[in-house]
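>>> Fold the following.
(2 chains)
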Amino acid sequence: AQKVTQAQTEISVVEKEDVTLDCVYETRDTTYYLFWYKQPPSGELVFLIRRNSFDEQNEISGRYSWNFQKSTSSFNFTITASQVVDSAVYFCALSETIIQGAQKLVFGQGTRLTINP
Amino acid sequence: DSGVTQTPKHLITATGQRVTLRCSPRSGDLSVYWYQQSLDQGLQFLIQYYNGEERAKGNILERFSAQQFPDLHSELNLSSLELGDSALYFCASSTWGLRETQYFGPGTRLLVL
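So this is what the prediction gives:
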């Protein structure tokens, strides 16, 4: 079965430090999608990025960047110059095709990131 | 704001009771998903509906059921509640239901006492 592993349960850094959240996945699908979601203390799940398995280009969005490496089945997320507002739980997820025309997201256990002032 | 709405935000009830959680998808989305987030199980997929029809089932208990109505809103019914059902229940939506981004609502926090 599909699996997502986020080995870092908790990370704590000081503001302005760079931090990388690791994500390793397992899948049998040849085409798949990877996602990152952010869950701030208020509890909602906020979509950050979606990456197609055919597109291995790294992506940068402001202070956020993502490194997708198919060879190592990893999809890591880096926050540059972290800020207190980045404190949240971050989830990596993998789309899994259940049956024709249906998919679900398989989530990792999440990494709790605390940015200290 | 994802555009997905869920009500109520919080729900406190007793064991053995039945509750209904409601979800309205983003405008134009035909597919609705339900997920449960608990401390021990993490985020788990429960069920998916597409345009009123059940599309896929995940780890959904027999005591739980869902439906999607003609106006595309969805309800998740939880019955014979147990302490272990206490969790955050999320609804998500997407346009078609395959290989798309799922946008999540704010969740309903259920506490069973």
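
>>> Please count neighbours and contacts with C-alpha atoms only from this point.
Noted.

>>> Tell me, how many residues neighbour residue 14?
No chain specified, so I'll use chain A. By other Cα atoms under 10 Å in any protein chain shown, 15 other residues sit near A:Val14.

>>> not quite, I wanted chain B
Neighbour number of B:Ala14 under other Cα under 10 Å is 13.

>>> How about B:Phe64?
Number of residues near B:Phe64 (other Cα under 10 Å) recorded here: 17.

>>> any idea how far A:Lys16 is from A:Phe77?
Plainly put, A:Lys16 is 16 Å away from A:Phe77 if you go by Cα to Cα, to the nearest Å.

>>> Whichever strand in chain A runs longest pairs with which strands, parallel or anti?
Identified as the longest strand of chain A according to DSSP state E is strand A:88-99. Strand pairing for strand A:88-99, using DSSP bridges, gives strand A:33-39 (antiparallel), strand A:102-107 (antiparallel), strand A:111-116 (antiparallel).

>>> B:Pro8: what's its closest spatial neighbour, skipping adjacent residues?
B:Thr108 (6.0 Å; Cα to Cα, 6 or more residues apart in numbering or on different chains).

>>> my bad, should have said A:Val14
Using Cα to Cα, 6+ apart, the closest residue to A:Val14 is A:Asn116 (4.7 Å).

>>> same check, this time on B:His10
In space, B:His10 is closest to B:Arg109, 4.7 Å off (Cα to Cα, 6+ apart).

>>> ok, and what's touching the helix or strand where the one you found lies?
In this assignment (DSSP states H and E), B:Arg109 forms part of strand B:108-112. Residues from elsewhere that reach strand B:108-112, judged by Cα atoms under 8 Å, 6 or more residues apart in numbering or on different chains: B:6-15, B:21, B:81-90.

>>> Cool, thanks, signing off.
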